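# the following comprises the amino acid sequence and a computationally predicted model.
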Amino acid sequence: MSMLGRLLGHKPPAVVRTGHALDARLFDAKWMRRAYEIDQRTGPDIADELGCSMTTVYRHLRMLGIPIRSTGELKRGVPMRQEQREKIRAASIARWQREKAWASR
């Protein structure tokens, strides 16, 4: 960010990896929880609104500690077993830590 941008109070983009900034709502736990859990929106639906991939949406949901529904869980109304959720969460945290370590190089 330029000095002029800082003087004007502009904020730097959240993350830039592919040449464009990610929408700040991806980092907002309250917004993501409301959209995904309360409003029962799907990952692809949220991704369309935020202009990113559904993979990015699911990655950020995991990083924010929001449990991911299994495929068809919303349609069937059958929640995922706690054991499955814990395995997915552990794998997500491990992946996030690897990505964080890689990014800090």
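Great, that's in hand.

# could you use CA atoms for every contact and neighbour count after this?
OK.

# and the host helix or strand of residue 101, which residues are buried?
Using DSSP states H and E, residue 101 maps to helix 82-103. Neighbour counts over helix 82-103 (16 or more other C-alpha atoms under 10 Å) mark 85, 89, 92, 96 as buried.

# spatially nearest residue to the last one (excluding sequence neighbours)?
It refers to residue 96. residue 63 (7.0 Å; C-alpha to C-alpha, 6 or more residues apart in numbering).

# next up, the contacts around the residue nearest to the spatial centre of the chain.
The chain has residue 60 as the residue nearest its centroid, 1.7 Å off, counting by C-alpha atoms, centre = their mean. Contacts for residue 60 (C-alpha atoms under 8 Å, 6 or more residues apart in numbering) come out as 26-27.

# what's the pLDDT at it?
The score at residue 60 is 93. That number is its pLDDT.

# number the residues from 11 up from this point.
Yep, numbering from 11; the last one is residue 70 now.

# and it, how far from residue 109?
With distances taken as C-alpha to C-alpha, to the nearest Å, residue 70 is found 12 Å from residue 109.

# mind picking out the helix or strand in this structure with the poorest mean pLDDT?
Across the helices and strands of the chain, mean pLDDT, DSSP states H and E gives its lowest value to helix 83-86, namely a mean of 61.
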